[in-house]
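Q: output the structure for:
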Amino acid sequence: MKKFAFLALITAVIAYGQTPASPKSKSDGEKIASALQAGPQFVTRNATVLDWPTSPGGEFRVLRGGTNAWTCLPGFPEGTHDESGCYDQAFLQFFKDSIAGRTPNLQNVGISYMYGGKWVPNTSHAMGKSNEFHVGPHIMIIGPDQKRMLTLNQDGSNGEPYVNHLPGHSELYLVIPIREWEDAPAVGTVGAGRR
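A: Numbering: from 1, shown residues only. This is a model prediction of the structure:
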């Protein structure tokens, strides 16, 4: 029975990460489940889980304390899709500075995981005719060499690594897809063995 309940929970977490966000507000438990699906177990097991501020420049609320250097967040509350992420300290500071309206001070390389993927405008239509393209699970890297980032692919809808920026900001980060979203054998393993 425990095994069945565990499999049902994993299936629910996987399905939750693949569906658009509901317009109703989520419970803290739902936000934690969303955030913890964003990265590998070695990151999420002891990561701090934060909730987004209720206003620009506001404080992040701790949903679950952690003991490693990683922080995971559920998707943006206003987002069309649930795009949760896990961030190291440098990437998290970049995010916090950006949403607070401060210019990020990029001194170090930062890393982020988004195992649930991200939806981007389908500008090239190389991967289908929809207006949105779902970049599957990926890793993001930000660093101080912004001039180098400008030389890289900026089209996220062709399935290849690309650079992107937060809305209203110019600081670029590299997005490296780990696999295509439709890669069925890998979909079954996302979230497997989570604690």
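
Q: next SSE downstream of the helix or strand of the chain with the lowest mean pLDDT?
A: Here the helix or strand of the chain ranked lowest by mean pLDDT, DSSP states H and E is helix 2-17, holding a mean of 34. As assigned by DSSP states H and E, the chain's next helix or strand after helix 2-17 is helix 28-36.

Q: for that next one, name the packing helices and strands.
A: Counting contacts by 3 or more CB pairs under 8 Å, 6 or more residues apart in numbering; DSSP states H and E, helix 28-36 is packed against helix 2-17, strand 48-51, strand 61-64, strand 71-73. Just so you know, the C-beta spots here come from the backbone N, C-alpha and C atoms, and that holds for glycine as well.

Q: and the last one, average pLDDT?
A: When you say that, I think you mean strand 71-73. The pLDDT scores in strand 71-73 average 95.

Q: identify the residues contacting it?
A: Contact partners of strand 71-73, identified using CB atoms under 8 Å, 6 or more residues apart in numbering, comprise 35-36, 38-39, 43-44, 47-52, 60, 84-87, 89, 92.

Q: can you give me the helices for the protein?
A: Per DSSP state H, the chain carries helices over the ranges 2-17, 28-36, 41-44, 89-99, 146-149, 184-187.

Q: quick check: mean pLDDT of the last one?
A: Per-residue pLDDT over helix 184-187 has a mean of 43.
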